[in-house]
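Undergrad: Sequence and predicted structure, then a few things I'm wondering about:
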Amino acid sequence: MAHLSINPDLLSTLKDKVVVLTGGATGIGRSTVKLFYQHGAKIIFGDVADVHGTSLEKELGSERAVFIHCDTTSYSSQLNLFKTAIQKWGRIDIAVANAGISLPADPFSPDADIEKEFSTAEIDVNLKGPLITSRIGLHFLRKNGREGGDLILVSSIAGWKECTGLVAYTASKHGVVGIMRGLHLSAVKEGVRINVICPWMTKTGMVKGIERGWKEQGLPENEPEDVGKAIVLCATANRGDGKHKGAVTPFAGKIVWVAGGESYEIEDNLQRLEPEWLGKENAEVLKRGQDFLMAEGTSWDTAKAKN
């Protein structure tokens, strides 16, 4: 695990960069919009919370920050979000899939009514939404050629750790990590860096049920801005001449855990220690298989497969 901290010199690389972000009206997204704006970026942010989104646009009061109504579960709505950025500024440098929800009622509880179908809204918003953001975002980031760009996904500690009482939420956030792992190896060859943020307890409206008890236990808390800083760190880690402290570059295919206001990169050690937790022989065979799957001419699509 590597402790990360921002190199302030790299923040200037955000000047005039174009950012598209989902879920920007409240919470983590709102703080992140402000951070990008503060450091000179141009940002289009979407949300279904029109009142809060419009108020943020008015608060920033500039042509560089534009709110668009966007339902992240709708492909056409997200496409409109990205196309608005293209129409206004001609390119996109950074895409952030941040929108997310949590439904505290547990359909797996013993007292849940088995005759009643449960909501899959968490899957739609938290997983389908980032899949759409990633597909459209990657399309436009590719257009930057060798310069590429950054795709940043917001998952959760529930994306890699057990989380009782939030089964659909946990499954959706594991899926967000899966998007990174599914796209990273091919996208990085095109100059697009994909990283995923996994915050622990962050003081937003989603944690009201546990907030009091969490504080009584003296457990570490994040402010929304702390997570926003981790997103900005990922967006700038591969720009400029310097490095963020603790960051191994190229900074791509990483998981950044945010806890107690601090950021930690955890994916590198997971990969490095694979022979220990998987077994040396298994790790060697796995590498051979992965090399085959990534080889030119290999495709799951039988119409394209050459191997």
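TA: Arrived safely, thanks for sending.
Undergrad: pLDDT at Ile210, what is it?
TA: On pLDDT, Ile210 comes in at 82.
Undergrad: I should have written Trp89 there, sorry.
TA: 98.
Undergrad: quick one: it from Leu81, how far?
TA: 13 Å (CB to CB, to the nearest Å). Quick note: C-beta positions are derived from backbone N, CA and C, even for glycine.
Undergrad: Which one's more surrounded, the two?
TA: Comparing Trp89 with Leu81 by neighbour count (other CB atoms under 10 Å), the higher total belongs to Leu81, at 27 against 19.
Undergrad: shouldn't the more buried one be in contact with Ile68?
TA: Yes: here Leu81 reaches Ile68: they are 5.3 Å apart, a contact under CB atoms under 8 Å.
Undergrad: Identify the contacts common to those two.
TA: Here Leu81 and Ile68 have 44, 46 as joint contacts, going by CB atoms under 8 Å, 6 or more residues apart in numbering.
Undergrad: Quick check: phi and psi at Ala65.
TA: Here is the backbone geometry of Ala65 (degrees, to the nearest 10): phi -130, psi 110.
Undergrad: Revised request: answer the last question for Arg91.
TA: phi -160, psi 170.
Undergrad: Following element in sequence after the lengthiest helix in the chain, please.
TA: Determined from DSSP state H, the single longest helix within the chain is helix 167-187. With elements assigned by DSSP states H and E, the helix or strand that comes after helix 167-187 is strand 192-199.
Undergrad: Just give me how far the next helix or strand after that next one sits from the chain centre.
TA: Per DSSP H and E, the first helix or strand lying C-terminal to strand 192-199 is helix 208-216. Counting by CA atoms, centre = their mean, to the nearest Å, helix 208-216 is centred 25 Å from the centre of its parent chain.
Undergrad: Identify the residues contacting helix 208-216?
TA: 104, 201, 203, 207, 221.
Undergrad: mind exporting it as CSV, just the C-alpha atoms?
TA: C-alpha atoms of helix 208-216 as CSV (Å, rounded to 0.1, in the frame of the first residue of the first chain):
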residue,chain,number,x,y,z
LYS,A,208,-26.9,8.9,7.6
GLY,A,209,-27.9,5.5,9.0
ILE,A,210,-24.4,4.8,10.3
GLU,A,211,-22.9,8.3,10.8
ARG,A,212,-23.6,8.6,14.5
GLY,A,213,-22.4,5.1,15.5
TRP,A,214,-19.3,5.5,13.3
LYS,A,215,-18.3,8.7,15.1
GLU,A,216,-18.9,7.1,18.5
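Undergrad: buried residues in it?
TA: For helix 208-216, the neighbour count (16 or more other CB atoms under 10 Å) marks Trp214 as buried.
Undergrad: what packs against the longest helix of the chain?
TA: Under the contact criterion of 3 or more CB pairs under 8 Å, 6 or more residues apart in numbering; DSSP states H and E, helix 167-187 touches helix 121-123, helix 129-142, strand 149-154, strand 192-199.
Undergrad: Show me how far that helix is from its chain's centre.
TA: Chain-centre distance of helix 167-187: 9 Å, with CA atoms, centre = their mean.
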